[in-house]
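Visitor: fold the stuff below for me.
(3 chains)
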Amino acid sequence: MSTLEIDRVRKAYGHLEVLKEVSISIGTGDFLVLLGPSGCGKSTLLNMIAGLETITGGQIRIAGKTVNDLSPKDRDIAMVFQSYALYPTMTVRQNIEFGMKIRRIAQADRDRAVKTASDLLQITHLLDRKPSQLSGGQRQRVAMGRAIVREPKLFLFDEPLSNLDAKLRVDMRTEIKRLHARLGTTIVYVTHDQIEAMTLATRVAVMKDGVVQQLDEPQAVYDRPANVYVARFVGSPAMNIVPAVLGAEGATATAVIDIARRPAARIGGISLSAEALRRYAGRKVLVGIRPENFSIATASAAPALTVDFDVVEPTGPDTLAVFQLGGVEVTARLPPRQAHAGREAALAVDTSKIVLFDSETETRID
Amino acid sequence: MSASTRMSSRLAGWLPRIVVAPSLLVVIVTVYLFILWTGVISVTSSKFVPTYDFVGLEQYVRLWATPRWHTAVANLFIFSALFLALSTGLGLLMAILLDQNIRAEGALRAIYLYPMALSFIVTGTAWKWIMNPGLGVQKVVNDLGWTDFRFDWITNPDTAIYTVVVAGVWQSSGFAMAIFLAGLRGIDNSVIKAAQIEGASLPLIYRQIIIPMLRPAMLSVIVLLSYIAIKSFDLVLALTNGGPGTATELPSTFMFSATFRRNQMGVGAASAVMMLMTVAAIIVPYLYSELRSENNG
Amino acid sequence: MAEALSQSGKARLGRLFVYGCLVVVALLYLMPLWVMVVTSLKPLDEIYGGSFIGVPKVVTLDAWRAAWSEACIGTECTGLKPYFVNSLLMVIPAVALSTGIGAINGYILTKWRFPGANFVFGLLLFGCFLPYQAILIPMARTLGLLGLAGSIPGLVAVHASYGICFTTLFFRNYFVSLPDELTKAAMVDGAGFFRIFWSVILPTSIPIIVVSCIWQFTQIWNDFLFGVSFTSGSSSPITVALNNIVNVTTGRKQYNVDMAAAMIAAIPTLVVYIVAGRYFVRGLTAGAVKG
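Guide: Residues are numbered from 1 along each chain as shown, chains lettered A, B, ... in the order given. Purely as a prediction, here's the structure:
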């Protein structure tokens, strides 16, 4: 069993509060990603789980045991750092062995553990090299090897891929995912890259200003963002957030959106709870539409709105078309060769994927 | 969790402070407490040994009434001004010349800097011999045929202080060069390239762009050389022993002889306090700004 | 074409000028060393015969022998030998102590920062710029009280105390550039305060240990003020003994012996400089230019 419970944890430096009552709990084998921009408190939280920062308030429990006052070595964790933090004067083997030496593990067991880990990570041929003789990806593997041999209850990763170039980052991402599948250990992983969060996590905690905005499965975070902040942070290009006025048509809602020099667009058939419908009918709301939920109108997909494309950016698999909607800039992801700058186009919208937000609190309306 | 792990983790929290404490204690005693002690002695009537009777600023009055101290202060100004100007100028010039993709740069740099490795006593001994009018440079030039040539600064009370400047510059200008060179190496090459593309000549680039960019290095050089100048002691002692007469007395030699040779410990302490205040006036703002910019950067 | 030629001719003239300047200055800087060496190798008669800068006609090591084992310092005619030994006995423990303590201080002030750590560093830093005249009298009294007056252990203590300020500066500035994650990784691996210092930090610090040792060696070997203030007679360091030899006023001045003695006092630091000049420069500029 290796669960992690973060229970109303706070962190303050004097009067500066960097974490405000954060509560997260994950089960054995979960892959939790703490996602957020720099300064949101995600690394501080990770360091507190590791025991490298003191806890101002609340409790952290690993496998049911409160670890608040335990030093890092007594928490049964292993950590992979952004700069890898390999000991520069030691060989790869010595780097991996160091922690086991301190715990006075017998030489034979150490050798066995080093062999297993290095085979798993395919670094056996590098064992006698110094870190300065390794490439970025190899250093990354050694850092993971150092963590694996501890056989910890909890793996902690602090932005482990951000020092790698783009291609290597994708490869190592797959590698980490494979490792998690094979070892089945609970992992806490900090990143500011939403793609890493989407691809790796079983649970994502999106953070901002020391507060968890949403804690859920990655697909749920993507489909049903808790608020405008999460909606914009997860997904690229970001979700379009368009001001509109909500109307009620039977059991469903209709969003009325202004379009410059054209009649207002009416996007109908948005499902909403009866209570929310009653409350928001006739009021201003924010409509969230993912770029891929737009499509070129056809016979089967009736046009919801007609717009003029300002800029068109082909990316290969699709084309991004930019236009004005409700006074803001909006991006649609369309099939290649179907959009042309300066032309007008009739677009359909997948209304089942539309998310509505309160225009003042910016939280999701269900 | 056991109580012992909690105890040990609390101890671990204090360990760094416990380990650094003895050094801190030593420095607080040998630097700050001793300064205070010197200050106390300077307001007593101490002569051969410290006596702790308060006499107010009497020793300071006596100090400033001593012609020898006036000579020392005047000499310090002459020496510092010339020493600073010449060492800085020469150091900067050498650094700029060395920065021109010079072939034997390493060897030349080593030659300019080796005097820094020598004791001022060695430097003083060597230059005393070189400037000896009877057998040194003057005689060499005389023997070459220029019989009127005189280089007897060291025996002339009016010029003896300049011999200290010469030896001091020889010893320390390499130091200025090293700092300037480090500063020059830190300048982004693209700035120079951009100026060259705009058609600026090399001397112009140096005057208008590079030397102004060396301001931090310049500040360091001036502060550190001032400090060397104020504490110069061994050089004078070895080169001229403060003479002829008292012609090359500096505050540092004055303090030493007053305290240990003339049994005027109170006056010696007062002169030490004057020196300390001069150094502090230069160093404290410098350190403050260095530490501050480091914290911001 | 002609213009291009004259351009390159001008450039070549410029290079010539630069090299000319550099070589002339280099010769001026080497001159005192040259004069010391040749004078020390000449017999006294040749010196009084007027040869100052020239190559010796007769090379003799008599002056070196005299300076090493015969010259009179005060009333003792033992040469510099015992004082050279004094300096060694003083410099080795003082360098080891101040470097070791500075290393651990630097480690604490960067990797185990506590509230007020910056203030502590500031206190130590000012010690680097202390004009020692300001502490001479109290230090002399204190050494007397501790029974260390006029002794080599006393000098070791003085040099180690003030040396801590410099060595802490060196090590702190070096350790600041080591990533904090290194210490964190070691903590997660289970290493404690001393283990991290010994197994992780210290092995990466060879260059700065060399810098610190060289700087401290040069400073302490070359010191005169503490030596002349706190020792007398047979416990003096070599700089004090050298000054005494040179200032002997009786008899015919033995310039060759003076120069040989100066060379003997200079050789240890010169050797260190020649062998490890790179590190020496780093020590010199450590406090001056921010890295």
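
Visitor: so, low pLDDT: which residues of chain B?
Guide: B:1-12, B:293-297 (pLDDT under 70).

Visitor: also the stretch 1-150 of chain C?
Guide: For the stretch 1-150 of chain C, the ranges with pLDDT under 70 are C:1-8, C:51.

Visitor: can you give me the strands for it?
Guide: Ranges of strands within the stretch 1-150 of chain C: none, based on DSSP state E, counting those that start in this stretch.

Visitor: and the residue of it closest to chain A?
Guide: Closest residue of the stretch 1-150 of chain C to chain A, C-beta to the nearest C-beta: residue C:115 (10.4 Å). Using the backbone N, CA and C atoms, a C-beta is placed for each residue, glycine as well.

Visitor: now stretch A:242-261, how far from the centre of its chain.
Guide: 31 Å (C-alpha atoms, centre = their mean, to the nearest Å).

Visitor: neighbours of residue A:361, just the number please.
Guide: Using other C-beta atoms under 10 Å in any protein chain shown, residue A:361 has 10 neighbouring residues.

Visitor: before we move on, the earlier item: ok, the residue of the stretch 1-150 of chain C closest to chain A to residue B:16 distance?
Guide: Using C-beta to C-beta, to the nearest Å, we find residue C:115 at a distance of 12 Å from residue B:16.

Visitor: between those two, which is the more surrounded one?
Guide: Higher neighbour count among residue C:115 and residue B:16: residue B:16, with 20 against 7, using other C-beta under 10 Å.

Visitor: in this structure the more buried one contacts residue C:108, no?
Guide: Yes. If you go by C-beta atoms under 8 Å, residue B:16 and residue C:108 touch, sitting 4.4 Å apart.

Visitor: measure the most centrally placed residue in chain C to residue B:221 for me?
Guide: In chain C, the residue lying closest to the centroid (C-alpha atoms, centre = their mean) is residue C:218, at 1.2 Å. Counting by C-beta to C-beta, the gap from residue C:218 to residue B:221 is 19 Å.

Visitor: could you pull out the buried residues of stretch A:88-101?
Guide: A:89-101 (16 or more other C-beta atoms under 10 Å in any protein chain shown).

Visitor: what of stretch A:21-34?
Guide: Buried residues in stretch A:21-34 (16+ other C-beta under 10 Å): A:22, A:24, A:26, A:30, A:31, A:32, A:33, A:34.

Visitor: now stretch B:200-219
Guide: Buried residues in stretch B:200-219 (16+ other C-beta under 10 Å): B:200, B:205, B:206, B:210, B:211, B:213, B:214, B:216, B:217, B:218.

Visitor: just the element for the last one, please.
Guide: What that stands for is residue B:218. helix B:215-231 (DSSP states H and E).

Visitor: so what does that helix touch, helix or strand wise?
Guide: Applying 3 or more C-beta pairs under 8 Å, 6 or more residues apart in numbering or on different chains; DSSP states H and E, we find helix B:215-231 packed against helix B:67-98, helix B:160-185, helix B:251-260, helix B:265-296.

Visitor: out of those, nearest to residue B:51?
Guide: Minimum separation from residue B:51 across the helices and strands packed on helix B:215-231 (C-beta to C-beta) falls at helix B:265-296, 8.7 Å.

Visitor: look up which residues are beta-bridged to the closest residue in space to residue A:355 that isn't next to it in sequence.
Guide: In this structure, residue A:355 finds its nearest non-sequential neighbour in residue A:288, 4.0 Å apart by C-beta to C-beta, 6 or more residues apart in numbering or on different chains. As for beta bridges, residue A:288 partners with residue A:241, residue A:355 under DSSP bridges.

Visitor: wait, doesn't residue A:288 sit right on residue A:353?
Guide: No. Counting by C-beta under 8 Å, residue A:288 stays clear of residue A:353, with 9.0 Å between them.

Visitor: compare neighbour counts for those two and give me the winner.
Guide: Using other C-beta under 10 Å, the more surrounded residue of residue A:288 and residue A:353 is residue A:288, with 23 against 15.

Visitor: could I get the full set of helices for the stretch 151-300 of chain A?
Guide: Shown for the stretch 151-300 of chain A, the helices assigned by DSSP state H, counting those that start in this stretch span residues A:166-183, A:194-200, A:218-223, A:228-233, A:274-280.

Visitor: domain map for the chain?
Guide: No chain specified, so I'll use chain A. A:4-233, A:240-365 (automatic domain parsing).

Visitor: that's the wrong chain, I meant chain C
Guide: Annotated domains of chain C cover C:2-60, C:81-286 [automatic domain parsing].

Visitor: mind putting the ones you listed into JSON lines with distance to residue A:181?
Guide: Formatted as JSON lines, the domains of chain C follow (distance: least, C-beta to C-beta, whole Å):
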{"stretch": "domain C:2-60", "distance to residue A:181": "66"}
{"stretch": "domain C:81-286", "distance to residue A:181": "24"}
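
Visitor: circling back to that earlier point, can you put the domains of chain A in CSV and add mean pLDDT?
Guide: Shown next, in CSV, are the domains of chain A (pLDDT from 0 to 100):
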stretch, mean pLDDT
domain A:4-233, 92
domain A:240-365, 89
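
Visitor: now these as JSON lines including distance to residue C:92?
Guide: Output for the domains of chain A, formatted as JSON lines (distance: least, C-beta to C-beta, whole Å):
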{"stretch": "domain A:4-233", "distance to residue C:92": "26"}
{"stretch": "domain A:240-365", "distance to residue C:92": "69"}
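
Visitor: right, so of those, which gets closest to residue B:190?
Guide: Nearest to residue B:190 among these is domain A:4-233; the distance by C-beta to C-beta comes to 24.0 Å.

Visitor: OK, contacts around the closest residue to residue A:165 other than its chain neighbours?
Guide: Nearest non-adjacent residue to residue A:165, counting by C-beta to C-beta, 6+ apart: residue A:136, 7.4 Å away. By C-beta atoms under 8 Å, 6 or more residues apart in numbering or on different chains, residue A:136 lies in contact with A:163, A:164, A:165, A:168.

Visitor: and residue A:7, its phi and psi?
Guide: phi -120, psi 100 (degrees, to the nearest 10).

Visitor: is it in a bridge, and if so with what?
Guide: Assigned bridge partners for residue A:7, using DSSP bridges, are residue A:59.

Visitor: what's the burial count for residue B:53?
Guide: 8.

Visitor: tell me how far residue C:105 lies from residue C:98.
Guide: Distance from residue C:105 to residue C:98, counting by C-beta to C-beta: 10 Å.

Visitor: count of residues packed around residue 268?
Guide: No chain specified, so I'll use chain A. For residue A:268, the neighbour count with other C-beta under 10 Å is 15.

Visitor: that's the wrong chain, I meant chain B
Guide: Per other C-beta under 10 Å, the neighbour tally for residue B:268 reads 29.

Visitor: ok, now which ones touch it?
Guide: Applying C-beta under 8 Å, 6+ apart to residue B:268 gives the contacts B:255, B:256, B:258, B:259, B:260, C:137.

Visitor: that one and chain A: what is the separation?
Guide: 48 Å (C-beta to the nearest C-beta, to the nearest Å).

Visitor: nearest spatial neighbour of that residue, skipping sequence neighbours?
Guide: residue B:259 (3.2 Å).

Visitor: so what's that neighbour up against?
Guide: Residue B:259 makes contact with B:265, B:268, B:269, B:272, C:136, C:137 under the criterion C-beta under 8 Å, 6+ apart.

Visitor: do the same with residue A:42
Guide: So residue A:42 contacts A:34, A:35, A:36, A:190, A:192, A:207 (C-beta under 8 Å, 6+ apart).

Visitor: surely the fifth one is in contact with residue A:37?
Guide: Read that as residue A:192. Yes. At 5.8 Å, residue A:192 counts as touching residue A:37 under the criterion of C-beta under 8 Å.

Visitor: okay, now residue A:18: neighbour count?
Guide: Neighbour count for residue A:18, taken as other C-beta under 10 Å: 18.

Visitor: let me redo that: residue C:210
Guide: 17.

Visitor: with residue C:58 instead?
Guide: Residue C:58 has 9 nearby residues by other C-beta under 10 Å.
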